[in-house]
Structure formats: C-alpha cells, structure tokens
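1. After the sequence you'll find the predicted model.
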Number of protein chains: 2
Amino acid sequence: MEDGTVSSVNYNDHNSSDCYILDIYPLSCYYFGSKEAIADKAETLADRIQRLKTNYAANGLRTSVEAVILVELFKHPHLLVLQVKNSFYKLPGGRLRPGESDTDGLKRKLLSKLSVNEHGVDDEWEIGECLGMWWSPDFETMFFPYTPSNTTRAKECTKLFLVKLPASRKFIVPRNMKLLAIPLCQIQENHKTYGPIIAGVPQMLSKISFNIIES
Amino acid sequence: MEDGTVSSVNYNDHNSSDCYILDIYPLSCYYFGSKEAIADKAETLADRIQRLKTNYAANGLRTSVEAVILVELFKHPHLLVLQVKNSFYKLPGGRLRPGESDTDGLKRKLLSKLSVNEHGVDDEWEIGECLGMWWSPDFETMFFPYTPSNTTRAKECTKLFLVKLPASRKFIVPRNMKLLAIPLCQIQENHKTYGPIIAGVPQMLSKISFNIIES
C-alpha cells in the first residue's frame, strides 16, 4: 500500500484482523547467488504418472507445500518464482515426506532450493499462514482450488504458504533453475504462462495490503 | 470436502488453523421468495462516472462490501450470485455509508437485498472473515486484487467477506434481481461472464475445506 490508501479503509470492526498489512522490501535488499544443480529425475511423462500412481497406492494423497515470497520493485509487489530448465515455472517448495509437517517440509525444501546449504538454522525461513489449497483428481489433469466433485477422491494436494522475508538475506539457487521476480500484475490470470496455481496467487493474496519499506 | 479427503492432509503444525473447514448446507435447506423491486438509478454510464468522481472529491475512497455465501448442490459448493435485470452478475452487498463499519454496512445491504424486510434482527447475518480486497484506480476500468501501481491512489475498494449460513433460512430477493447458485467450477477463471472479482472467488476460498452437511 504505497501511498497511504489503507488509512482510508475502515478497519474498526471485528473483521479487521483478517485483512492485514505485510511489510515487503525492495529486491535490492537481497543477494542472489548460485550453487550446484539439483539432480533431475530423468523420466518420461508416462513414467512419472506411473510412479505417482504407485506412490498413491502405497501412501495415499500426495501433498506438496509451496512458498509465496514477495519483494518490491517499481513500487509493485513481485512474486519469487523458479524457472526450471528455461522452461516451466514453479513456486519454491516440493513434496512432503510421509508424516512430515507442512512447516518442516517447506523449510526443508526452501533450504535445498533457496539457501546456501541444506543444513541451515531452523529459523532461517519464517513460514506464515496457509493461503490456499489446490487439488487434482488424478496425476494427469490440472489443479483446482476446490476438491473435484466428479471423482471420488483427490489424489494430489498443493498447499501454498506465505513466507515472510527479513530485511535482507541471501538466495542461493541451483544452477539448473532461475529465480525470477514477477510482478503480480503480470501473473494475474496469466495461467497460460504460469499455470493455474501461480496465476491464482494475486487473488489468494488479495486480503493482504502491502507496506513497501523504502530502502 | 465430501469424501473424507481432508483427513489425509496433515493439520498438525502451527499453520493448521489457517486452512479451515466450513460447513455448507444443501440448497434445498433454504427458501427463496421475492419482494418489491429495488429502485434503480436511471443514469447513463457517463453520468455514473461523474457522480462517482464528485463523491470521491467529497468523501475520498469509495468502499463497497460484498458477501460470499455458499450452498451445496450435486456435492459441489455453489456461490450465491445476484443477476440484475437478466444481465450482469454481482455479489450481494453494496457501498458503505461514510463512517459505517464493514460489518454494519454488509448487514444493512444483506437485509435490503436478501431478507424479508430491511429491519431484521441484528444477528440475522453472520459476517465472517475478509477474503480479499479489490482495487480500482478510477471509476472506468477494472478492479485488481492489489493496489494499482501506475496511479497515485486507488479510487475504489471492494472488500469480500465470508458469510456463514445457518442450517435453514429464507432469502427474499427484490423482483428485479435473481439469486442464482453457481458452481465454483463454473465461476473459476470465467471472468468474461462474471467479472474479475466473482471469477476470483474460488481462489480466495482455496484455503477453506468444505464440509457438506447431508440433509
């Protein structure tokens, strides 16, 4: 909320705590470096689907956790997105291990994908609230922001969490990925480029007012 | 969450309170009737824009509050949407009076648009959390789920609130409007029909799991 607009909004009733203000810092506050590439599962799409089906039969619902991380550029919130192999985009995160909590799994994934090494201190990443859950009825079609009604059971769930950045930090990204800062106005409804989950992030964030900290 | 899927999701960490479960009831639990039409401002688009600009100069940011109300049909959540003059769609709600709280304003609007009369009991509508805020840089273009960065100040804000229904109630709708129950799967990303705010409701609701109460 760059210009005090928020002060014009009435926050005096009991719902005010739900529409809250998030501090975001300029992109220039952060250092970006690289590290060794993460080994990539060399498998065909058909092999991948078979692997996910076998895992589902053994372990049930596949749950992934992903991070929504924001920085400021040109007075507008930008979302940090990984681009893999100069091709598709994904949020930093990944699949939970069986029995692992959302927070532990997301911290583990952020350490492996955005930190200098995988054995960082436990408080290196501040995992905030759940912003949304997306569901897939199988391993072949898209995700929906509600459970699919035409199938008996969702097979896959992706949960998004707000991750609050401190005023400075280092991002160290595997060489086979690029970390990009994409403006929310470019992401919104652009699901052809970013897929439905990333394209829905502006709506999932819409209860939050951004307070841009000048550097 | 119609089939127990939610039990497979790990809710055991400190974020679990954010991704919560909402009871929704079948459409057949509710009675729908009609009442006298609400008088309609007969003005041209140009007159409307001029009126809003004059109001902005006098009162500042124009804030509207709207209700997200859900029912179950065919085991899928449906959103209650008003269709005005067999044409455009809007959520039940309207503009706040100067100094009026979000909750008071939304209750007043729900009484006038969905209740038998405008002087209902104060607890007739249970206003829940804010789901999102949409902003417009002027009175002519669309709303965005973030403050516009290319203008100095937003002119208009629309705030959406979750309104929880009891197990039964009467909806009494002005004759010049129709209250429709639209499946979330039809609304999602269908902003050509419903506009950007309604089309973004499924994403704004995506942190909520629905518990469908059998009638």
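-> Received the coordinates, thanks.
2. Show me where chain A has its helices.
-> Applying DSSP state H to chain A gives helices spanning A:45-59, A:102-114, A:184-187, A:191-199, A:201-204.
3. I'd like the ones you listed as a markdown table, with mean neighbour count appended.
-> Using the backbone N, CA and C atoms, a C-beta is placed for each residue, glycine as well. A markdown table is the format used below for the helices of chain A (neighbours: other CB atoms under 10 Å in any protein chain shown):
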| stretch | mean neighbour count |
| --- | --- |
| helix A:45-59 | 12 |
| helix A:102-114 | 22 |
| helix A:184-187 | 18 |
| helix A:191-199 | 17 |
| helix A:201-204 | 26 |
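4. can you list those in a markdown table and add mean pLDDT and distance to B:Glu36?
-> Formatted as a markdown table, the helices of chain A follow (pLDDT from 0 to 100; distance: least, CB to CB, whole Å):
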| stretch | mean pLDDT | distance to B:Glu36 |
| --- | --- | --- |
| helix A:45-59 | 90 | 55 |
| helix A:102-114 | 95 | 51 |
| helix A:184-187 | 94 | 43 |
| helix A:191-199 | 93 | 42 |
| helix A:201-204 | 96 | 36 |
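5. Ok, which of these comes nearest A:Val173?
-> helix A:102-114 (6.4 Å; CB to CB).
6. From the chain's centroid, how far away is the longest strand anywhere in chain A?
-> The residue-count maximum for a strand in chain A (DSSP state E) belongs to strand A:126-136. Strand A:126-136 sits 8 Å away from the centroid of its parent chain (CA atoms, centre = their mean, to the nearest Å).
7. With stretch A:179-187 instead?
-> Centroid separation between stretch A:179-187 and its chain, computed with CA atoms, centre = their mean, is 12 Å.
8. try stretch A:177-190
-> Per CA atoms, centre = their mean, the centroid offset for stretch A:177-190 relative to its chain is 11 Å.
9. how long is it end to end?
-> Stretch A:177-190 has an end-to-end distance of 21 Å (criterion: CA to CA, to the nearest Å).
10. Just the buried positions in it, please.
-> A:177-179, A:181-185, A:187-189 (16 or more other CB atoms under 10 Å in any protein chain shown).
11. Let me know the closest of those residues to chain B.
-> Chain B has its nearest neighbour among those in A:Leu184, at 5.1 Å by CB to the nearest CB.
12. which residues does the closest one contact?
-> A:76-79, A:201-202, A:205, B:145-146 (CB atoms under 8 Å, 6 or more residues apart in numbering or on different chains).
13. Now do it against B:Pro202, distance only.
-> Distance, A:Leu184 to B:Pro202, by CB to CB, to the nearest Å: 18 Å.
14. Repeat that for A:Asp23.
-> 28 Å.
15. do the same with A:Thr158
-> Distance, A:Thr158 to B:Pro202, using CB to CB: 15 Å.
16. before we move on, what about A:Ala167?
-> Remark: distance between A:Ala167 and B:Pro202 (CB to CB) = 35 Å.
17. What of A:Met142?
-> According to CB to CB, A:Met142 stands 13 Å off from B:Pro202.
18. same thing with A:Gln50?
-> A:Gln50 sits 30 Å away from B:Pro202, going by CB to CB.
19. quick one, phi/psi of the residue nearest to A:Asn59 when sequence neighbours are not counted?
-> Once flanking residues are discounted, A:Asn59 sits nearest to A:Pro98: 5.6 Å by CB to CB, 6 or more residues apart in numbering or on different chains. The phi/psi pair for A:Pro98 (degrees, to the nearest 10) reads phi -50, psi 130.
20. which residues sit in contact with the one residue sitting closest to the centre of chain A?
-> Nearest to the geometric centre of chain A sits A:Ala67, at 2.9 Å (CA atoms, centre = their mean). A:Ala67 sits next to A:80, A:91-93, A:106, A:109-110, A:125, A:127, A:160-161, A:163 when contact means CB under 8 Å, 6+ apart.
21. Could you pull up the contacting residues of A:Glu140?
-> A:Glu140 neighbours (CB under 8 Å, 6+ apart): A:Ile49.
22. can you tell me how far it sits from A:Ile49?
-> For A:Glu140, the distance to A:Ile49 - CB to CB - is 6 Å.
23. any common contacting residues for these two?
-> Common contacts of A:Glu140 and A:Ile49 (CB under 8 Å, 6+ apart): none found.
24. Quick one: neighbours of the closest residue to A:Asp40 other than its chain neighbours, just the number.
-> Using CB to CB, 6+ apart and skipping residues adjacent in sequence, the residue nearest A:Asp40 is A:Asn176, 6.6 Å away. Close neighbours of A:Asn176, defined as other CB atoms under 10 Å in any protein chain shown, add up to 15.
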